[in-house]
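1. quick check, what structure comes out for this input:
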Amino acid sequence: MFTLNCKGRLLIIDQPIVMGIINATPDSFFGGSRKPTADKALQQAEKMIAEGATILDIGGQSTRPNSEQISASEEAERVLPVIQAIAKKFPETFISVDTFYASVAKQAVNAGASIVNDISAGNMDAAMLSTVASLHVPFICMHMKGSPQTMQQNPVYENITKEVLDFFIKKINDCKHAGINDAIIDPGFGFGKTATHNFELLKDLQIFKMLEKPILAGLSRKSTIYKTLNTTPEEALNGTTVLQTIALLNGANILRTHDVKEAMEAIKLVSAYQQKSHA
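-> Numbers count the residues shown, from 1 in each chain. Coordinates of the predicted model:
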């Protein structure tokens with residue numbers, strides 16, 4: 001069980017939970033997640049909460065391979081109205097902001113977010129770790145090789161699981177020194193990794209339990225799924241459920257997904273199966 005302090009409110013993870021993805025962007029790789037206005041985002045939030053999402057992850061910048069990086073001020077303009085609207089209407093829901101800018105993280109937490117989700121784990125903005133520490137919120141550290149602009153240009157690892165594990169051992173230590181009490185780890189499926197790398201990480205996921213931190217799996221509709229199946233992101237829901245099920249069996253605590261209902265069903269079925277198999 002994990003207990004995370006989200007700005008004075010406790011998030012208790014005693015069974016896997018779902019983080020729903022809401023993108024305040026015009027260009028995310030999966031069209032269904034694009035909710036560029038606060039009204040559209042609110043409708044999506046309501047649906048995801050009704051389906052069982054514990055956390056809503058609000059992002060203002062596409063980080064798919066070769067995406068164009070936007071400025072902190074433009075990102076803030078996109079995410080802040082959405083965060084304020086959701087926090088006002090659904091005060092019980094935990095909101096995370098998906099950003100690698102410390103200034104956006106700070107504004108977002110002041111607007112109602114209570115978790116910071118950084119694809120660069122603090123590597124793209126030197127002020128991020130100290131900022132998160134001062135905000136007293138959990139920090140999601142993701143492993144990424146390079147930047148979204150470069151990460152898929154021939155990523156090479158000698159032993160991917162060992163490299164990612166070493167990265168997290170160092171990063172958790174950095175977080176602790178900065179004063180961050182609650183870190184969550186995200187192996188970063190698809191961020192500077194080939195499909196083979198992603199499957200290897202998924203297979204080895206339980207190794208990361210030794211870090212004694214919640215493990216977040218972000219597999220939803222990613223190219224590892226639709227390229228392996230030779231389909232599209234729009235047709236990748238069934239494949240997403242299959243890989244999320246494997247992630248749960250291998251120790252994932254948080255599923256970050258575009259499709260909350262199906263992820264919740266996977267959690268319920270895996271939980272029932274595990275209770276029977278442990279009985």
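
2. tell me where this protein has helices.
-> 38-51, 72-89, 102-111, 128-135, 160-178, 195-203, 223-228, 237-249, 260-278 (DSSP state H).

3. how about the ones you listed in CSV, adding mean neighbour count, distance to Leu11 and mean pLDDT?
-> C-beta here means a position set from N, CA and C on the backbone, and glycine is covered the same way. Below are those laid out as CSV (neighbours: other C-beta atoms under 10 Å; distance: least, C-beta to C-beta, whole Å; pLDDT from 0 to 100):
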stretch, mean neighbour count, distance to Leu11, mean pLDDT
helix 38-51, 17, 15, 93
helix 72-89, 20, 15, 94
helix 102-111, 22, 14, 98
helix 128-135, 21, 15, 98
helix 160-178, 16, 17, 98
helix 195-203, 18, 25, 97
helix 223-228, 19, 28, 96
helix 237-249, 20, 18, 98
helix 260-278, 15, 16, 94
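
4. including distance to Ile12, could the ones you listed go into a markdown table?
-> Output for the helices of the chain, formatted as a markdown table (distance: least, C-beta to C-beta, whole Å):
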| stretch | distance to Ile12 |
| --- | --- |
| helix 38-51 | 18 |
| helix 72-89 | 20 |
| helix 102-111 | 20 |
| helix 128-135 | 20 |
| helix 160-178 | 20 |
| helix 195-203 | 26 |
| helix 223-228 | 30 |
| helix 237-249 | 18 |
| helix 260-278 | 15 |
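
5. which one of those lies closest to Pro16?
-> helix 260-278 (4.9 Å; C-beta to C-beta).

6. can you list the helices and strands that the closest one packs against?
-> strand 17-23, helix 38-51, helix 237-249, strand 254-257 (3 or more C-beta pairs under 8 Å, 6 or more residues apart in numbering; DSSP states H and E).

7. circling back: of all the helices of the chain, which lies closest to Leu216?
-> It's helix 237-249; of those, that one is closest to Leu216 (C-beta to C-beta) at 9.5 Å.

8. what residues does the closest one touch?
-> 16, 202, 205, 217, 219-221, 224-226, 228-229, 231, 252, 255, 257-259, 262-263, 265-267, 269-270 (C-beta atoms under 8 Å, 6 or more residues apart in numbering).

9. ok, now stretch 197-209?
-> Contacts for stretch 197-209 (C-beta under 8 Å, 6+ apart): 155, 157, 160-161, 164-165, 168, 185, 187, 189-190, 193, 215, 217, 219, 222, 224, 243, 246-247, 250-252.

10. try it again at 6 Å.
-> Residues outside stretch 197-209 that contact it (C-beta atoms under 6 Å, 6 or more residues apart in numbering): Ile160, Thr161, Pro187, Phe189, Ile215, Thr224, Ile246, Asn250, Gly251.

11. report the two of the residues you listed separated the most.
-> Maximum distance among these (C-beta to C-beta): 18.8 Å, for Thr224 and Gly251.

12. that older thread, closest one to Phe2 among the helices of the chain?
-> helix 160-178 (13.6 Å).

13. give me the distance from that closest one to the chain's centre.
-> 17 Å (C-alpha atoms, centre = their mean, to the nearest Å).

14. nearest residue to Thr131 in space, please, no chain neighbours.
-> Ala102 (4.0 Å; C-beta to C-beta, 6 or more residues apart in numbering).

15. can you check Asp118 too?
-> Asp118 sits nearest to Phe100 (C-beta to C-beta, 6+ apart), 5.1 Å away.

16. hang on, that neighbour packs against Ala126?
-> No: in this structure, Phe100 is not within contact of Ala126 by C-beta atoms under 6 Å, at 11.2 Å.
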